[in-house]
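Engineer: build the 3D model from these lines:
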Amino acid sequence: MHFSKIIFLSLCSFLLLSTGLDAQSYALKGIKSFSSSGIKAILNDKEVVGYVVFYKTDKADSKNDNYGFDLLDEKLNKVSTKKVVLPRNAVFLQPVYNGDALGLMFYNITKENYIFRSYDKELKELGSVITEKPNKFERAALGQMEGDAAASFYGLHAVPGKGFVRAGYGEDKDKYRITFYDNNFKTKWSYQTPEASKDFETFLISDVNEKYVTGTTMRRDGLMSRKIEYFLTVFDVETGKKILDTSVENAKEQLSISSTILLKGTDQMVLQGEFYDLDDKPGVNKSKGFYLKTYDLNTGKELSEKKFSWAKDMAKLFNAKGKESLEDKYLNFPHDLFKAANGHYYMAFEQFKKVADGAGIAMVALGGSASFVKIRVGNLWVLEMDGDFKPLALQYYEKDGSDVGLPAGAGMVGAGMLGYFVKSIGGFDYQFLQQNKDESTFNMAYINYDREKGEKSKTIVGNIFLAKDGTLNFDKVDITAPKRSTLSLYSAQGSNIMLSTYNSKEKTLELRLVKLNY
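Structural biologist: You can find the predicted model right below:
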């Protein structure tokens, strides 16, 4: 999300009104409901210059509810407020911010349609669209999903400075559609699986920038087929043309897909996943290592492939606990891959694996319906590589594990895509990456629910940061909140993070800046 200097001036005219004030906190009362995705940081070239806060307050009338928008500066001083009225049964999926416009998406349960609205940086409405009903397959999927998962699979993704893109079902259950909207929610283009295709296809968006939409296409030769093939798929933002649609498999081994990552300032993309022997079952057998494939998106050609064997390349970098986690068949989901001013790449991974869900199995045995598996989220590790992706150093960070239930049908996908599901429901502890303007330093924040035997549980922010001397350092801050409170973290200016605390009993929302030690 980036502002141009000209566009940025309009927001500055508002934020300058509060220059010199040191609020550092902001509180709201009478909040009927709040989602952590209802807060978006406003950025100017990586620097946080404000926040938009979206929340539900009370009833407008017998059929509608009141919502509020608050625009805050970087120190949490209120700049302006806007009230919005929406139908009672409009489920808030998410807001996304593209640097110029804030896009909101709702699903009206009663009328079974989508509501789209967009606003500029001064909270002036740009567009308001109510769509026709999505087809019955998408409506059925929405009925089975929690809000965060529905938003990830069917919601909006920001296209910097240009609009929004979303994917969903096409005209039938064996097709997908991807649609690009401008800032006013006018459709610029739409792509759908061709009628001639004999495959059952699903497309999951992974990464987006101002030029490309990237993701993974899952293909089956029949609705009941359990054999899924995975393809790297890339669309041109301006035209909607599919410029890349290729399988990453080869005859020598199995390659899973975990994530597609667009390299900033280039027309290159990195595909990441783990690799297995041909007769292995990914997610059951231990992987042999992970790979990074780089593609030129101008030509669609693969530029390079780097494979990192756990045994040969990575064992010497992991500590004892890290090696133990690999032997315990933990998978490794990549959250961020980025280049710092020192010319080195840094890649943050979080570990997870499938475990048996005893309660779910018992429910099924009694005639109920439940998932047979759940996900256990494990530790974090950060890999430092040179400009050619050669491993240089690795830091392994232990935290207390947590369990996350899988959404319906998630158990059928490959090992690599499981991480996408965990991320979609907010199951990972990793929160965000912050870099300073010249990219010489950065920090990564995560939450650890610290449970020491004989002590009360604590909520800890773990902060991994690159110091100015070029070394990775670690610090932690206790942010434990009262019971019935939900905590969420956001990026902030300088060496701060912004913490929101929603108390469902008191119906209060508090925002405050927390100083990190780096």
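Engineer: what is the burial count for residue 140?
Structural biologist: Neighbours of residue 140 under the rule other C-beta atoms under 10 Å: 13. No exception for glycine: its C-beta is placed from N, CA and C like everyone else's.
Engineer: should've said residue 94
Structural biologist: Look at residue 94: counted by other C-beta under 10 Å, it has 22 neighbours.
Engineer: buried stuff in stretch 193-211?
Structural biologist: 193, 199-209, 211 (16 or more other C-beta atoms under 10 Å).
Engineer: quick check: mean pLDDT of it?
Structural biologist: Over the span of stretch 193-211, the pLDDT mean works out to 89.
Engineer: just the CA atoms of it, as CSV, please.
Structural biologist: C-alpha atoms of stretch 193-211 as CSV (Å, rounded to 0.1, in the frame of the first residue of the first chain):
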residue,chain,number,x,y,z
THR,A,193,-12.6,-20.9,-16.4
PRO,A,194,-13.4,-21.5,-20.1
GLU,A,195,-16.4,-23.6,-20.9
ALA,A,196,-14.2,-26.1,-22.8
SER,A,197,-12.2,-26.9,-19.7
LYS,A,198,-12.9,-30.5,-18.4
ASP,A,199,-11.3,-29.9,-15.0
PHE,A,200,-12.8,-28.8,-11.7
GLU,A,201,-10.8,-25.6,-10.8
THR,A,202,-10.4,-23.4,-7.7
PHE,A,203,-8.2,-20.4,-7.6
LEU,A,204,-6.7,-18.9,-4.4
ILE,A,205,-5.2,-15.5,-4.5
SER,A,206,-1.8,-15.4,-2.8
ASP,A,207,-0.1,-12.0,-3.5
VAL,A,208,-1.0,-8.9,-5.4
ASN,A,209,0.8,-5.7,-6.5
GLU,A,210,0.1,-2.9,-9.0
LYS,A,211,0.9,-5.1,-12.0
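Engineer: centre of the chain to that stretch, how far?
Structural biologist: From the chain centre to the centre of stretch 193-211 is a distance of 19 Å (C-alpha atoms, centre = their mean, to the nearest Å).
Engineer: residue ranges for the strands of the stretch 301-450 of the chain, please.
Structural biologist: Assigned by DSSP state E, counting those that start in this stretch, the stretch 301-450 of the chain shows strands spanning 301-309, 331-339, 345-356, 373-385, 391-397, 402-405, 430-435, 442-450.
Engineer: ok, of these, where does mean pLDDT dip lowest?
Structural biologist: For these, where the average pLDDT is lowest is strand 402-405, sitting at a mean of 86.
Engineer: and of the strands of the stretch 301-450 of the chain, who's closest to residue 501?
Structural biologist: With C-beta to C-beta as the measure, strand 442-450 is the member of these nearest residue 501 (12.8 Å).
Engineer: paired strands for the closest one, with orientation please.
Structural biologist: strand 430-435 (antiparallel), strand 458-466 (antiparallel) (DSSP bridges).
Engineer: as TSV, these with distance to residue 517 and mean neighbour count would be great.
Structural biologist: Output for the strands paired with strand 442-450, formatted as TSV (distance: least, C-beta to C-beta, whole Å; neighbours: other C-beta atoms under 10 Å):
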stretch	distance to residue 517	mean neighbour count
strand 430-435	14	19
strand 458-466	8	20
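Engineer: list the contacts for the closest residue in space to residue 447 that isn't next to it in sequence?
Structural biologist: Distances taken as C-beta to C-beta, 6 or more residues apart in numbering place residue 429 nearest to residue 447, at 5.0 Å, with adjacent residues excluded. Applying C-beta atoms under 8 Å, 6 or more residues apart in numbering to residue 429 gives the contacts 350, 377, 380, 399, 402, 446-448.
Engineer: and the next element down the chain from the helix or strand residue 80 falls within?
Structural biologist: Per DSSP states H and E, residue 80 falls inside strand 78-87. Downstream of strand 78-87, the first helix or strand assigned by DSSP H and E is strand 90-97.
Engineer: C-terminal to that following strand, which secondary structure element comes first?
Structural biologist: strand 102-108.
Engineer: and the angle for that next one with strand 78-87?
Structural biologist: Here strand 102-108 runs at an angle of 20 degrees relative to strand 78-87 (axes from the mean of the first three to the mean of the last three C-alpha atoms, to 10 degrees).
Engineer: tell me which of the strands of the stretch 301-450 of the chain sits nearest to residue 45.
Structural biologist: Using C-beta to C-beta, the nearest of those to residue 45 is strand 430-435, at 10.3 Å.
Engineer: good, wrapping up.
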